[in-house]
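Using only what follows, build the 3D model:
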Amino acid sequence: ITAAERNTPGLHRKFFIMGVLDCFGTFLAAIGNVYTPGQYQPLLNQTLIPLTLLFSFLGLGTRFRRLEVTGALLIMLGACCSVLPA
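Sure, this is the predicted structure:
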C-alpha cells in the first residue's frame, strides 16, 4: 500500500470489513468441515480461487487474462483428481 493509499479516507474501514468477512468465511468453513466427508474437504478448499474468479466475472464484470483462467481451470482439474480413488 502506498503512502497516498494509506491516507485515503475510509480505507481502513474497508480493510477491516474485508478482514471480518474473511474471518467469518474461515470460521464457517471450519464448522462445515465436521459434516463434510474427508475426501471432499480438499476439493472445497481448492475451488476457492476458481469460484472467486467466476463470481467476480458474474457479479462485478471483471475480465481476466487467458493465463489466469487457465490457472483456475488447472486448479479445478487438480482438485477433481484429488477426489478420484487411488
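
contacts, neighbours, all on C-alpha from now
Noted.

who's in contact with residue 78?
Residues counted as contacts of residue 78 (CA atoms under 8 Å, 6 or more residues apart in numbering): none.

from the middle of its chain, how far away would the host helix or strand of it be?
Taking DSSP states H and E as the criterion, residue 78 maps to helix 66-83. In terms of CA atoms, centre = their mean, to the nearest Å, the centre of helix 66-83 is set 13 Å apart from its chain centre.

Spell out for me which residue occupies the centre of the protein.
The residue lying closest to the centre of the chain (CA atoms, centre = their mean) is residue 48, at 3.6 Å.

That residue and residue 2: what is the separation?
For residue 48, the distance to residue 2 (CA to CA, to the nearest Å) stands at 28 Å.

how many neighbours does the nearest residue to residue 63 once chain neighbours are set aside have?
Spatially, and ignoring its direct neighbours in sequence, residue 63 is nearest to residue 57 (6.4 Å; CA to CA, 6 or more residues apart in numbering). Neighbourhood size, residue 57 [other CA atoms under 10 Å]: 13.

right, and residue 57 touches residue 69 too?
No - applying CA atoms under 8 Å as the test, residue 57 and residue 69 come out as separate, 11.0 Å apart.

Do a quick rundown of the helices in this structure.
For the chain, applying DSSP state H gives helices covering 3-6, 11-33, 41-46, 48-55, 66-83.

that older thread, any idea how far residue 18 is from the residue nearest to residue 63?
Taking CA to CA, one finds residue 57 at 19 Å from residue 18.
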